[in-house]
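Novice: Give me a 3D structure for the following:
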Amino acid sequence: MTAARVDHLVTSGTFSLDGGVWDVENNVWIVGDDHEAIVIDAAHDADAVAAAVGGRRLLAVVCTHAHDDHVNAAPALAGRTGAPVLLHPADLPLWERTHPDRAPDGELTDGQVLRVAGVELTVLHTPGHAPGAVCLYAPALGTVFTGDTLFRGGPGATGRSFSDFPTIIGSIRDRLLSLDPSTVVRTGHGESTTIGEEAPHLEEWIARGH
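Specialist: Okay, the predicted model is just below:
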């Protein structure tokens, strides 16, 4: 049995792109044990995320994609903990809109394995919502962290710059719906779901998107 666990907090702020601004609540996920952790999507409030990490050693601040609501607290969290910020390089154009003077510290690549507290999280490149969007699959924990690629009830939004509907559908079909149906989907916003709950609706989403 692993001692690793998933901690969760919700932070509030805004998302801005293409001239619009929206109030949002973001899920921040922390994977680790009592000694070490990684943060997935440092959103809005570095103080709140740091408090949730507590005295644990933070190994990385992982960004599922670079929309500002998912990365706006990443540099501050990294600065106070010394943890590197990791992002898929295809999302650098989005990152630079929010943090033009501070680059990520490292790259995420498809198939890369991140290790924390004795468990492995495999990076799945799942473009569509954003070019560098990734999901993190942790089979030992029976879960996948999907950012804004897959939600309860359907795919992430693709109506704005840097997004593409056929691409996100392909990512979900090929990279996510092939996972074990019992896999818990921990999303970037809103409630969790499972692969088994979402898989039957793929054709419906495709029809809805055209």
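Novice: for stretch 44-63, which positions count as buried?
Specialist: 44-46, 48-50, 52-53, 56, 58-63 (16 or more other Cβ atoms under 10 Å). C-beta coordinates here come from the backbone N, C-alpha and C atoms, glycine included.
Novice: now do stretch 170-177
Specialist: Those would be S171, I172, R175, L176, L177, for stretch 170-177 by 16+ other Cβ under 10 Å.
Novice: got a list of contacts for that stretch?
Specialist: 124-128, 133, 135, 144, 146, 149-150, 155, 185, 195, 198-199, 202 (Cβ atoms under 8 Å, 6 or more residues apart in numbering).
Novice: Among the residues you listed, which lie within strands?
Specialist: L124, H125, C135, V144, T146, L150, P155, V185 (DSSP state E).
Novice: For ChimeraX, what selects the buried ones among these?
Specialist: Selecting only the buried entries of these in ChimeraX, with 16+ other Cβ under 10 Å as the criterion:
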select :124,125,135,144,146,150,155,185
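Novice: Out of the ones in strands among the contacts of stretch 170-177, which is nearest to D68?
Specialist: T146 (18.7 Å; Cβ to Cβ).
Novice: didn't that closest one look like it was pressed against H65?
Specialist: No: T146 lies out of contact with H65 (Cβ atoms under 8 Å); the separation is 10.4 Å.
Novice: Next, show the common contact partners of those two.
Specialist: With Cβ under 8 Å, 6+ apart, T146 and H65 have no common neighbours.
Novice: For V185, see how far away the residue lying closest to D91 once chain neighbours are set aside is.
Specialist: Excluding its sequence neighbours, the residue lying closest to D91 (Cβ to Cβ, 6 or more residues apart in numbering) is G132, at 3.0 Å. To V185, G132 is 20 Å away according to Cβ to Cβ, to the nearest Å.
Novice: Equivalent analysis for T149, please.
Specialist: 9 Å.
Novice: got the contact list for the helix or strand bottoming out on mean pLDDT in the chain?
Specialist: Lowest on mean pLDDT, DSSP states H and E among the helices and strands of the chain sits helix 202-208, with a mean of 90. Residues outside helix 202-208 that contact it (Cβ under 8 Å, 6+ apart) are G154, P155, I169, I172, R173, L177.
Novice: how about 6 Å then?
Specialist: Identification of contacts with helix 202-208 by Cβ atoms under 6 Å, 6 or more residues apart in numbering yields G154, P155, I169.
Novice: Same question for stretch 113-127.
Specialist: With Cβ under 6 Å, 6+ apart as the test, stretch 113-127 has contacts from 2, 4, 31-33, 36, 38, 59, 108, 110, 112, 133-138, 140, 149, 167, 171, 175.
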